[in-house]
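Novice: this one's sequence-less:
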């Protein structure tokens with residue numbers, strides 16, 4: 001019977017703890033340097049700072065750098081305090097420029113400048129250039145290490161240049177530029193291996209090479225990879241010059257980041273919460289979102305009090321059904337916004353065509369609102385009539401008012417769920433906010449106001 005990854009991790013953690021307790025640092029170093037960096041990173045996230053210090057002391061430099069890059073941001077923020085400046089400098093120098101830029105962006109400007117001054121000028125300049133791009137753009141996630149050859153080079157010359165270069169396991173093609181340095185396309189490795197040595201590289205260029213601009217949003221980059229089954233894509237600047245490349249493994253990281261960010265936003269918190277282990281920091285982040293919700297619910301309460309003060313008789317009859325209106329209309333709006341937000345995030349064509357989405361969602365909303373209005377009215381009739389069957393005329397108006405209010409509240413909430421993601425996207429705000437608690441609270445207030453107003457007009 002095989003051993004699961006969870007069991008392997010548990011066994012590894014137990015081995016590490018035994019070696020730490022015994023003080024056998026040599027055996028610990030041998031054990032760690034034979035493991036995957038991702039497995040060690042997970043264990044570093046679990047242990048305390050004293051054990052982290054011992055683990056980093058025995059790992060070789062390359063493994064330490066990989067682990068440092070793979071741990072979560074909260075753990076890394078503690079490692080920034082735990083490790084000495086010379087150790088951090090060594091780790092940053094060991095990382096690829098794009099990974100180093102991502103990590104240094106988590107530091108304060110003062111600490112970042114100090115570390116950049118301590119590494120070689122060439123590495124520092126490369127990292128600074130990457131940090132000049134938006135962290136959510138293609139330029140911010142690209143690897144600047146690329147191999148390019150002239151269109152007039154031969155296959156033999158291209159192969160010779162590849163042999164002389166320092167390439168990693170993510171090398172798939174050679175990029176071709178003209179005499180002015182402008183990007184022309186790429187040539188896959190299989191052509192370099194199967195074509196005669198004197199073949200001109202320009203004759204092997206793929207004319208349909210897909211590329212992205214340095215300012216292309218990382219979410220769009222992810223969608224381009226997904227739609228075209230890409231392994232790597234070149235990155236060009238505004239002058240159409242080759243400045244880097246993005247590989248599929250980096251896009252997977254981006255997809256995870258985007259999914260987590262949307263999830264946190266829809267839940268009413270922020271990825272910033274994970275940047276620090278402090279519970280006070282996490283509470284502050286969550287309260288930033290919850291305070292506006294508190295204000296929103298106060299508005300709902302104000303609406304209820306207004307009707308209680310001015311129309312007490314109607315209020316007593318209908319107040320019990322307000323939670324039903326809020327829950328159904330709010331969830332109907334949330335369903336619509338979730339569909340639209342998901343479509344926008346994945347670049348689904350239907351979600352990008354507002355008129356098509358509008359036509360579909362409005363028809364769905366009409367059916368849902370009609371069904372809930374009728375069923376809600378029936379439930380209202382059963383509950384109220386069982387209590388006071390003698391006043392059938394006013395009760396009939398009340399039931400009709402409830403069904404109409406349910407229908408109207410669902411239509412309004414669904415319309416908000418449809419329009420807000422597109423509106424937020426147009427003005428540069430994350431569409432996922434439209435599914436968050438702020439908008440949900442607004443839906444509750446609006447639905448209660450609609451319910452009370454219609455009930456008053458139709459039932460009085």
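Specialist: Good, I have the coordinates. All values derive from a computational prediction rather than experimental measurement. Numbers count the residues shown, from 1 in each chain.

Novice: Isn't residue 407 up against residue 370?
Specialist: Yes: taking C-beta atoms under 8 Å as the definition, residue 407 is a contact partner of residue 370 at 6.4 Å. Glycine gets a C-beta too; all of them are placed from N, C-alpha and C.

Novice: quick one, helices of the stretch 351-460 of the chain?
Specialist: Using DSSP state H, counting those that start in this stretch, the helices assigned to the stretch 351-460 of the chain run over residues 354-385, 392-426, 437-459.

Novice: for the shortest one, what is the average pLDDT?
Specialist: Rounded to a whole number, the mean pLDDT of helix 437-459 is 72.

Novice: Does anything pack onto that helix? Which helices or strands?
Specialist: Here helix 437-459 touches helix 279-310, helix 312-318, helix 322-346, helix 392-426, going by 3 or more C-beta pairs under 8 Å, 6 or more residues apart in numbering; DSSP states H and E.

Novice: With distance to residue 452, mean neighbour count and mean pLDDT as added columns, please give those in TSV.
Specialist: Output for those, formatted as TSV (distance: least, C-beta to C-beta, whole Å; neighbours: other C-beta atoms under 10 Å; pLDDT from 0 to 100):
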stretch	distance to residue 452	mean neighbour count	mean pLDDT
helix 279-310	5	14	71
helix 312-318	7	16	61
helix 322-346	8	21	78
helix 392-426	8	21	76
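
Novice: Need those helices in TSV (columns: distance to residue 164).
Specialist: Below are these laid out as TSV (distance: least, C-beta to C-beta, whole Å):
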stretch	distance to residue 164
helix 279-310	49
helix 312-318	81
helix 322-346	41
helix 392-426	46
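
Novice: which one of these lies closest to residue 130?
Specialist: For these, the distance to residue 130 is smallest for helix 322-346, at 24.9 Å, taking C-beta to C-beta.

Novice: okay, the angle between the closest one and helix 437-459?
Specialist: Orientation check (axes from the mean of the first three to the mean of the last three C-alpha atoms, to 10 degrees): helix 322-346 against helix 437-459 gives 140 degrees.

Novice: Measure how far helix 322-346 is from the centre of its chain, please.
Specialist: Put simply, helix 322-346 sits 20 Å off its chain's centre (C-alpha atoms, centre = their mean, to the nearest Å).

Novice: now for it, which elements pack on it?
Specialist: helix 218-228, helix 248-267, helix 349-352, helix 354-385, helix 392-426, helix 437-459.

Novice: Show me this protein divided up by domain.
Specialist: 5-132, 148-256, 271-459 (automatic domain parsing).

Novice: nearest to residue 257, of the helices and strands packed on helix 437-459?
Specialist: Among the helices and strands packed on helix 437-459, the nearest to residue 257 by C-beta to C-beta is helix 322-346 (11.9 Å).

Novice: can you give me the angle the closest one makes with helix 218-228?
Specialist: Helix 322-346 and helix 218-228 are oriented at 70 degrees to each other (the same axes, to 10 degrees).

Novice: Helix or strand next in line after the helix or strand containing residue 190, which one?
Specialist: Taking DSSP states H and E as the criterion, the element that holds residue 190 is helix 189-194. Remark: after helix 189-194, the chain's next helix or strand is strand 212-213, criterion DSSP H and E.

Novice: Could you list the residues in contact with that next one?
Specialist: Outside strand 212-213, the residues that touch it by C-beta atoms under 8 Å, 6 or more residues apart in numbering are 138, 220, 221, 224, 233, 234, 235, 236, 237, 238, 246.

Novice: mind running it again at 7 Å?
Specialist: Under the criterion C-beta atoms under 7 Å, 6 or more residues apart in numbering, residues 138, 221, 224, 233, 235, 236 lie in contact with strand 212-213.
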